[in-house]
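> Using only what follows, build the 3D model:
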Amino acid sequence: MKSVGILTIFNEFNFGNRLQNYAVQEVLRRQGLEVETIKYIGLNDRKPKTDTREGIERLERFKEFNQYIRFADEILYVEHEAPQKLMDDYDYVVIGSDQIWNFTFDKIFCDKIFGSFVPKEKRISLSASFGVNYVPKRETETYTICKKYLQEMKSISVREEAGVKIVKELTGREDVELLIDPTMMLDRTDWEKIMKRPKNLKQDRFILKSFLGNTHGGCYEQLKKIAEEQECDIIDVSDSNSPFYNVGPAEFLYLEKNAYLIATDSFHSCVFAMLFSTPFVVIEREDEEESMHSRIETLLGKFQLHNRIYDREIDMEKLQEGSQHVFSILEKERNKVIQFLDKTLL
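Predicted structure coming up:
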């Protein structure tokens, strides 16, 4: 049996990060591979810092979820050489998903995120993301690293159209594939097996707020109005002052499935809303560069859901329209991933 090490960002406070890590693991296992995740630790990022009760509880929920992921014994640090065991033991290193190639993340960026510690023929990316839509400035170390190691990689697949353009511009490669995020490779029934109801959830009717940035304030008043009309609570999992800040990935899945409405600026929140057929509206970040929105634009475009983008009004009738077409598109996209893996992991 061939062995694979997953190289991804290790983040114990981000739902999408942990859930995509689990999804990559399960997708590769179903290919008959022996899989484990390499904990990749950035500068000054060895342990999440929190001093609130909700933050401490949230960290515990994340640690509980990590029981579903098999980790390598050795840790890969940005500033240290890779342990010999990580260099020798894998037939392949699969890089991704998430924003593993975001070169604006100074704490994690170096040649290791391209798998430089293993031979070229072992380096494969699966739906990797740059998180931006531009190449690094020429004649910088960042530009040199990206160009060199992308050129050397055996096979490349990315998550956004912007990623395809970046690789082509840097390397001239025409073999870059655009694939769905690995979280979409698992069915809703797969996710239901590991979800948990939050202990402090008393109300079955609720609106879920899941924001990672600053958003248009006008939408909040509309959410309050809808909540009053529909007798819903509003649950916020992103605000550190919220009583629901203490949820982990398993509880987040439950909230995504059972919400009356999801309001979000998060890529993975959109993904799970689609998988669970939960009405959702995307609120663009006010302080965000257009590039950071590219991953959601690609997602909504691919699945013909541009009407989910907030445009001064939240129209529940529109958001509750049938989305069966999503699953017919999804079946084709899943087949693309399997074909990519079949020809790559020979």
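> can you give me how far stretch 35-52 is from the chain middle?
Chain-centre distance of stretch 35-52: 16 Å, with CA atoms, centre = their mean, to the nearest Å.
> again with stretch 18-33
Centre-to-centre, stretch 18-33 and its host chain are 13 Å apart (CA atoms, centre = their mean).
> List the buried residues for it?
Neighbour-count burial for stretch 18-33, counted by 16 or more other CB atoms under 10 Å, picks out 18-28, 33. In short, each C-beta sits where N, CA and C put it, glycine included.
> what does that stretch rub up against?
Residues from elsewhere that reach stretch 18-33, judged by CB atoms under 8 Å, 6 or more residues apart in numbering: 1-4, 6, 8, 10-12, 35, 37, 62, 65-66, 68-70, 94, 96-98, 126, 181-183, 185-186, 190, 194, 248-249, 252-253, 268, 272, 337, 341-342, 345.
> rewinding a little: as JSON lines, the buried residues of stretch 18-33 with pLDDT, secondary structure and distance to Phe327 would be great.
Putting the buried residues of stretch 18-33 into JSON lines (pLDDT from 0 to 100; DSSP: H, G, I helix; E, B strand; the rest coil; distance: CB to CB, whole Å) gives the following:
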{"residue": "Arg18", "pLDDT": "97", "secondary structure": "helix", "distance to Phe327": "25"}
{"residue": "Leu19", "pLDDT": "98", "secondary structure": "helix", "distance to Phe327": "19"}
{"residue": "Gln20", "pLDDT": "97", "secondary structure": "helix", "distance to Phe327": "20"}
{"residue": "Asn21", "pLDDT": "98", "secondary structure": "helix", "distance to Phe327": "24"}
{"residue": "Tyr22", "pLDDT": "98", "secondary structure": "helix", "distance to Phe327": "21"}
{"residue": "Ala23", "pLDDT": "98", "secondary structure": "helix", "distance to Phe327": "17"}
{"residue": "Val24", "pLDDT": "98", "secondary structure": "helix", "distance to Phe327": "21"}
{"residue": "Gln25", "pLDDT": "98", "secondary structure": "helix", "distance to Phe327": "23"}
{"residue": "Glu26", "pLDDT": "98", "secondary structure": "helix", "distance to Phe327": "19"}
{"residue": "Val27", "pLDDT": "98", "secondary structure": "helix", "distance to Phe327": "18"}
{"residue": "Leu28", "pLDDT": "98", "secondary structure": "helix", "distance to Phe327": "23"}
{"residue": "Leu33", "pLDDT": "97", "secondary structure": "coil", "distance to Phe327": "27"}
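> okay if I get those residues as a markdown table plus distance to Ile296?
Formatted as a markdown table, the buried residues of stretch 18-33 follow (distance: CB to CB, whole Å):
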| residue | distance to Ile296 |
| --- | --- |
| Arg18 | 19 |
| Leu19 | 16 |
| Gln20 | 15 |
| Asn21 | 20 |
| Tyr22 | 21 |
| Ala23 | 18 |
| Val24 | 20 |
| Gln25 | 24 |
| Glu26 | 24 |
| Val27 | 22 |
| Leu28 | 26 |
| Leu33 | 30 |
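> could you pull out the helices for the stretch 151-300 of the chain?
Listed in chain order, the helices of the stretch 151-300 of the chain (DSSP state H, counting those that start in this stretch) span 161-171, 188-192, 218-230, 249-258, 267-275, 294-302.
> what about those helices, which gets the closest to Ser323?
Ser323 sits nearest to helix 267-275 of all the helices of the stretch 151-300 of the chain, at 7.2 Å, using CB to CB.
> Now tell me what touches that closest one from outside.
With contact meaning CB under 8 Å, 6+ apart, helix 267-275 is reached by 15-16, 19-20, 181, 183-184, 187-188, 191, 208, 210, 252-253, 256-257, 259, 262, 264, 278-280, 282, 295-296, 299-300, 303, 305, 308, 323, 326.
> That one versus helix 249-258: what angle between them?
On the basis of axes from the mean of the first three to the mean of the last three CA atoms, to 10 degrees, helix 267-275 is oriented at 50 degrees to helix 249-258.
> so what's the nearest residue to Lys122 once chain neighbours are set aside bridging to?
Once flanking residues are discounted, Lys122 sits nearest to Tyr92: 5.1 Å by CB to CB, 6 or more residues apart in numbering. Taking DSSP bridges as the rule, Tyr92 bridges to Val4.
> surely Tyr92 meets Val4?
Yes. Counting by CB atoms under 8 Å, Tyr92 does reach Val4; the two are 4.9 Å apart.
> circling back to that earlier point, which residues does the residue nearest to Lys122 contact?
2-5, 122-124, 345.
> Using PDB, write down the CA coordinates of the longest helix seen in the chain.
Taking DSSP state H as the criterion, the chain has its longest helix at helix 324-344. What follows is helix 324-344, C-alpha atoms only, in PDB (Å, rounded to 0.1, in the frame of the first residue of the first chain):
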ATOM      1  CA  GLN A 324     -31.000  20.300  -7.300                       C
ATOM      2  CA  HIS A 325     -28.800  21.400 -10.200                       C
ATOM      3  CA  VAL A 326     -26.000  21.800  -7.700                       C
ATOM      4  CA  PHE A 327     -25.800  18.000  -7.200                       C
ATOM      5  CA  SER A 328     -25.700  17.200 -10.900                       C
ATOM      6  CA  ILE A 329     -22.800  19.600 -11.300                       C
ATOM      7  CA  LEU A 330     -21.200  18.200  -8.200                       C
ATOM      8  CA  GLU A 331     -21.200  14.700  -9.500                       C
ATOM      9  CA  LYS A 332     -19.300  15.700 -12.600                       C
ATOM     10  CA  GLU A 333     -16.800  17.700 -10.500                       C
ATOM     11  CA  ARG A 334     -16.200  14.800  -8.200                       C
ATOM     12  CA  ASN A 335     -15.400  12.600 -11.100                       C
ATOM     13  CA  LYS A 336     -12.700  15.100 -12.200                       C
ATOM     14  CA  VAL A 337     -11.000  14.800  -8.800                       C
ATOM     15  CA  ILE A 338     -11.000  11.000  -9.000                       C
ATOM     16  CA  GLN A 339      -9.600  11.100 -12.600                       C
ATOM     17  CA  PHE A 340      -6.900  13.500 -11.400                       C
ATOM     18  CA  LEU A 341      -5.900  11.200  -8.600                       C
ATOM     19  CA  ASP A 342      -6.000   8.100 -10.700                       C
ATOM     20  CA  LYS A 343      -3.500   9.400 -13.200                       C
ATOM     21  CA  THR A 344      -1.300  11.200 -10.600                       C
END
